[in-house]
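> Next comes the sequence, and after it the predicted model I'd like to discuss.
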Amino acid sequence: MLDLTYDAPKPKIIAGAKQDWELVIGLEVHAQVATNAKLFSGASTLFGAEPNSNVAFVDAGMPGMLPVINEECVAQAVRTGLGLKADINLYSAFDRKNYFYPDLPPGYQISQLYHPIVGEGEVLVDMAPGIARVVRIERIHLEQDAGKSIHDMDPTMSFVDLNRTGVALMEIVSRPDIRGPEEAAAYVSKLRQIMRYLGTCDGNMQNGNLRADVNVSICQPGAYERYQETQDFSHLGTRCEIKNMNSLRFIQQAIDVEAKRQIAIVEGGGEVVQETRLYDPDKGETRSMRSKEEAHDYRYFPDPDLLPLEIEQSWVDDIASGLPELPDEKRLRFMEEFGLSEYDASVLTADVANAAYFEEVAQAGDGKLAANWVINELFGRLKKDDDKDITDSPVSPGQLRDIIALITKGDISGKIAKDLFEIVYTEGGNPAEIVDARGMRQVTDTGAIEAAVDEIIAANPAQVEKAKANPKLAGWFVGQVMKATGGKANPKAVNEIVAKKLGS
Amino acid sequence: MSIDTETARRVAKLARIAVDDADLPVLASELNGILNFMEQLNEVDVEGVEPMTSVTPMRLKRREDVVTDGSQQEAVLANAPDAREGFFAVPKVVE
């Protein structure tokens, strides 16, 4: 078994006016659980429905309505926990987090403060071939999402849609193991990748199905290492939490901006105040969410409407046995089985659909060649074609496999194969039949090539004289022959024949 | 632990209950009475006793992941003081 060892990436260093500073970052990622119905009601989770149409009375906080848990939400949280190599807690419980906001009708969110369903785990966050950060997961708990308020439809009123109220979320809490903006973005995208493999969250950040709260603090070089040795937070600076970000780009920008703000405060002799902040991408600044200050007193208590959630080890084992191959394992297998580089294997396993497509193409063939074609030709072409998804590719894995087989058999040259690919992409059809019907087969018949070479030599006596004096000019003849044969001549044969004829 | 009028004011505010200043001292003393009773309960030794979560042995009831509810916009909005275009309309709250 191929064993990969990784070096930890260097922490990002930000130069202040007086000295260098390092960053310490921890994330709380909110991932919408992929299910049909909500966490505690039978209303649909479908995005984009008419306002307030996916709402059960329990979601609307109607008096006397009781929550009943959706077992699949629990299974999805367990699956996610197993995917992050985390401890699954057979006993967990729900608590009420109390606060008032119009999109939270009951006046409390049902969450898991004291007994989360998933305990400690870890994620390998790869930054470059051979370089990766192990980020520890502290916990994952299940909770309800809130509704949506729209503030720009009326000058004096806010409009509230409860369709999202009560949809299940997993809050994935990391330890402060992340040391730079790029690492933070890579961590979120690795979580997203794992959850998409598992099918537990669709990872759609635009729709808000994956959002992150980012905790940022700064410290002097060396302080973080003392924290890691002792797990004593007093070695670290005071953190600020930047709320609710749903873009990888904004996460990076916000961390950068926030770190610089904190450095300016500390170097100016001030102290960072622990608070919740909001990133404004238009102004490129973070600002305090003062309204959140008082709301921080959530007065949690165990939800009396819900018994503790007890699950059996055998049920967890069943879920574990049904887990798919995860990105890290798949990447390693691609490297071993197909001889791919770590980079190519990473590109191909970034998305589970890409990986499946590649495997179908590579089946019983040259894995490296298949990887080149999928990554360079197919991905490139799909990108040019309005960034089409691989699942909508006009070229099926079978067709691409046939094209590659024609190259390896020597029936077509690599250059012609690109033309053939374009024909299959735009017109469809059986690659081998297209090659025959359009006369694209490679000419390996030396007689035919020789005739073509003779013709070019006869037509260009002046060039022949020059080439005899300077053998480097032979390339011009090769080019002419390729042109005359429509690119179908075997380039290796042409080279040899041209060299022989000019030499004699 | 004892609750002064300031704490009582804060708790009332967090619970969105309007309390006149004149009523705060009474409220604080009632809350203190409750807390004192809890402190008395705290004196009982419960070492090794599992918290009781249900009077009869019961397992948390589960539902299947099937859409069985919703599509009742009118009923959901029926009691709203103000609703427009399918939304609840509330006085502007903006961050």
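Received it, and whenever you're ready, just let me know what you need.
> A:Val266 looks like it's in a helix, true?
Yes. According to DSSP: H, G, I helix; E, B strand; the rest coil, A:Val266 belongs to a helix.
> In this structure it contacts A:Val272, no?
Yes. With contact defined as Cβ atoms under 8 Å, A:Val266 reaches A:Val272; the gap is 6.6 Å. Glycine gets a C-beta too; all of them are placed from N, C-alpha and C.
> Now do the shared contacts for the two.
Common contacts of A:Val266 and A:Val272, defined by Cβ atoms under 8 Å, 6 or more residues apart in numbering or on different chains, comprise A:Ile218, A:Gly237.
> Show me which residues of chain B are close to chain A?
Contact residues, chain B versus chain A (Cβ under 8 Å from any Cβ of the partner chain): B:10, B:13-14, B:16, B:53-54, B:58-73, B:76-77, B:82, B:84-95.
> hmm, try it at 6 Å
B:14, B:16, B:53-54, B:60-63, B:65, B:67-71, B:73, B:76, B:86-90, B:92-94 (Cβ under 6 Å from any Cβ of the partner chain).
> can you give me the strands in chain B?
Along chain B, the segments classed as strands by DSSP state E run B:62-63, B:83-84, B:87-91.
> winner for burial among the ones you listed?
Counting by mean count of other Cβ atoms under 10 Å in any protein chain shown, strand B:87-91 has the highest mean neighbour count of the strands of chain B, with a mean of 19.
> what pairs with it, and is each one parallel or antiparallel?
The pairing partners recorded for strand B:87-91 under DSSP bridges are strand A:157-161 (antiparallel), strand B:83-84 (antiparallel).
> Just say which of those is most tucked in.
strand A:157-161 (a mean of 21).
> need the contact list for A:Asn163.
For A:Asn163, the contacting residues are A:Ala49, A:Asn54, by Cβ atoms under 6 Å, 6 or more residues apart in numbering or on different chains.
> quick one: low-confidence parts of chain B?
Within chain B, the stretches with pLDDT under 70 are B:1, B:95.
> Checking my notes, A:His141 in a strand, right?
Yes. Counting by three-state DSSP, A:His141 is part of a strand.
> ok, it to A:Pro394 distance?
Computed as Cβ to Cβ, to the nearest Å, the A:His141 to A:Pro394 distance reads 44 Å.
> Which residue ranges of the stretch 151-300 of chain A form helices?
Assigned by DSSP state H, counting those that start in this stretch, the helices in the stretch 151-300 of chain A fall at A:181-198, A:223-230, A:248-267, A:291-295.
> Buried ones in the third one, by neighbour count?
Neighbour-count burial for helix A:248-267, with 16 or more other Cβ atoms under 10 Å in any protein chain shown as criterion, is recorded at A:248, A:250-263, A:266.
> can you tell me which residues contact the residue most central in space within chain B?
The centroid of chain B falls nearest to B:Ala15 when counting by Cα atoms, centre = their mean (7.7 Å). Applying Cβ under 6 Å, 6+ apart, we find B:Ala15 in contact with no residue.
> re earlier: show me which of A:His141 and A:Pro394 is the more surrounded one.
A:His141 (22 against 14; other Cβ atoms under 10 Å in any protein chain shown).
> Just list whatever residues bridge to the more buried one.
Beta-bridge partners, per DSSP bridges, of A:His141: A:Glu171.
> Am I right that B:Thr5 is in contact with B:Val26?
No. If you go by Cβ atoms under 6 Å, B:Thr5 and B:Val26 don't touch, sitting 9.6 Å apart.
> Who has more neighbours out of these two?
Between B:Thr5 and B:Val26, counted using other Cβ under 10 Å, the more crowded position is B:Thr5 (16 against 12).
> Now do the nearest residue to the more buried one once chain neighbours are set aside against A:Leu309, distance only.
Distance criterion Cβ to Cβ, 6 or more residues apart in numbering or on different chains; nearest residue to B:Thr5, sequence neighbours excluded, is B:Leu24 at 4.3 Å. Counting by Cβ to Cβ, the separation of B:Leu24 from A:Leu309 is 40 Å.
> same deal with A:Thr485?
With Cβ to Cβ as the criterion, A:Thr485 and A:Leu309 are 72 Å apart.
> Over to A:Val478?
Per Cβ to Cβ, A:Val478 is found 73 Å from A:Leu309.
> Show me which of those two is the more surrounded one.
The residue with more neighbours, out of A:Val478 and A:Leu309, is A:Leu309; 22 against 18, by other Cβ under 10 Å.
> How about the residues of the stretch 151-300 of chain A by chain B?
Counting by Cβ under 6 Å from any Cβ, the residues of the stretch 151-300 of chain A that sit close to chain B are A:His151, A:Thr156, A:Met157, A:Ser158, A:Phe159, A:Val160, A:Asp161, A:Asp297.
> hmm, 7 Å instead?
Counting by Cβ under 7 Å from any Cβ of the partner chain, the stretch 151-300 of chain A comes close to chain B at A:His151, A:Thr156, A:Met157, A:Ser158, A:Phe159, A:Val160, A:Asp161, A:Leu278, A:Met289, A:Ser291, A:Asp297, A:Arg299.
> From the residues you listed, which shows the smallest pLDDT?
Lowest pLDDT of these: A:Ser291, 61.
> give me every residue that touches the residue in the stretch 201-350 of chain A positioned nearest to chain B.
Closest residue of the stretch 201-350 of chain A to chain B, Cβ to the nearest Cβ: A:Leu307 (4.1 Å). Counting by Cβ atoms under 7 Å, 6 or more residues apart in numbering or on different chains, A:Leu307 makes contact with B:Thr53, B:Ser54, B:Met58, B:Leu60.
> Buried ones from the residues you listed, can you make that a PyMOL selection?
In PyMOL syntax, the buried subset of these is picked out as below (16+ other Cβ under 10 Å):
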select buried, chain B and resi 60
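> lowest-confidence helix or strand of chain A?
helix A:291-295 (a mean of 59; mean pLDDT, DSSP states H and E).
> which helices and strands does the helix or strand just after that one pack with?
As assigned by DSSP states H and E, the chain's next helix or strand after helix A:291-295 is strand A:301-302. Secondary-structure packing of strand A:301-302 (3 or more Cβ pairs under 7 Å, 6 or more residues apart in numbering or on different chains; DSSP states H and E): strand A:95-98.
> List the beta-bridge partners for A:His30.
With DSSP bridges applied, A:His30 shows beta-bridge pairing to A:Glu171, A:Arg211.
> Let me know how buried it is, in neighbour terms.
The local packing of A:His30 (other Cβ under 10 Å) involves 19 other residues.
> Could you measure from it over to chain B?
Distance, A:His30 to chain B, by Cβ to the nearest Cβ, to the nearest Å: 17 Å.
> what do you get for A:Glu360?
Noted for A:Glu360: a distance of 31 Å to chain B, by Cβ to the nearest Cβ.
> Around that residue, count how many other residues there are.
Neighbours of A:Glu360 under the rule other Cβ under 10 Å: 15.
> Go ahead and report the secondary structure state at it.
Recorded secondary structure, A:Glu360: helix (three-state DSSP).
> got the contact list for it?
Listed by Cβ under 7 Å, 6+ apart, the contact set of A:Glu360 reads A:Pro397.
> Format the CA atom coordinates belonging to stretch A:323-343 as CSV.
Coordinates of each C-alpha in stretch A:323-343 appear next as CSV, following Å, rounded to 0.1, in the frame of the first residue of the first chain:
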residue,chain,number,x,y,z
LEU,A,323,-20.0,4.2,3.5
PRO,A,324,-18.6,4.9,0.0
GLU,A,325,-14.9,5.2,-0.8
LEU,A,326,-13.8,8.6,0.5
PRO,A,327,-11.7,11.2,-1.4
ASP,A,328,-8.4,10.4,0.4
GLU,A,329,-8.7,6.7,-0.2
LYS,A,330,-9.8,7.1,-3.8
ARG,A,331,-6.9,9.4,-4.5
LEU,A,332,-4.5,7.0,-3.1
ARG,A,333,-6.0,4.1,-5.1
PHE,A,334,-5.9,6.1,-8.3
MET,A,335,-2.2,6.7,-7.7
GLU,A,336,-1.5,3.0,-7.0
GLU,A,337,-3.8,1.5,-9.6
PHE,A,338,-3.3,3.9,-12.5
GLY,A,339,0.1,5.3,-11.7
LEU,A,340,-1.2,8.8,-11.5
SER,A,341,0.7,11.7,-9.9
GLU,A,342,-0.8,13.0,-6.7
TYR,A,343,-1.8,16.2,-8.5
